[in-house]
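K.L.:
Sequence below, structure please.
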Amino acid sequence: MIPLEETYIENRTLVQPNDTNHRNIAHGGNVVKWMDEVGAMSAMRFAGRTCVTARMESVDFHQPIPRGNAAVVESYVYDAGTTSMDVHLRVFSEDPMSGDRELTTESRFVYVALDEDGNPAAVPDLDVSSERARELRSAANRPQVEADG
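P.N.:
As a prediction, the model looks like this:
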């Protein structure tokens, strides 16, 4: 069994001019790419194998990330099947000087573990026995935040 907490990864990317559109905010495609990369790292940490993206649920963009802020991607495995893992992803815009954060993006991705021949491979069981693991799993299972509109 692999403890859920061991799959938790947080990664920062400074939003540079090449990452932005004409409004000086991060391109949505870049944000999704960063989410996919960090989500795959959580999946691989859990499975101990190469993992590939099988599905992305709706990606909800709540707020933009301005150039000069950090995109903070938070990722962890919250459920596992036989060969697949469900990964919860949230992105925050973080002011690099103050550390102030604002939730910008949320989604859930599914990854599949692969063996050396590229075939689906079994994954371990997920241990959610700790209080922190139960909190994270509960957060992943809550409905995503509704965008103001």
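
K.L.:
Neighbours of residue 18, how many?
P.N.:
Residues near residue 18, counting by other Cβ atoms under 10 Å, number 8. Backbone N, C-alpha and C define where each C-beta goes, glycine included.

K.L.:
likewise residue 120?
P.N.:
For residue 120, using other Cβ under 10 Å, the count is 14.

K.L.:
Give me the distance between it and residue 82.
P.N.:
Look at residue 120 and residue 82: by Cβ to Cβ, to the nearest Å, they are 8 Å apart.

K.L.:
correct me, but residue 25 touches residue 68?
P.N.:
No. Look at residue 25 against residue 68 with Cβ atoms under 8 Å: they stay out of range, at 10.6 Å.

K.L.:
ok, the two, which is more surrounded?
P.N.:
For residue 25 and residue 68, the more surrounded residue by other Cβ under 10 Å is residue 25, and the numbers stand at 19 against 14.

K.L.:
Can you give me every residue that contacts that one?
P.N.:
64-67 (Cβ atoms under 8 Å, 6 or more residues apart in numbering).

K.L.:
PyMOL command to pick out the buried ones of those residues?
P.N.:
In PyMOL, this line selects whichever of the contacts of residue 25 come out buried by 16 or more other Cβ atoms under 10 Å:
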select buried, resi 64+65+67
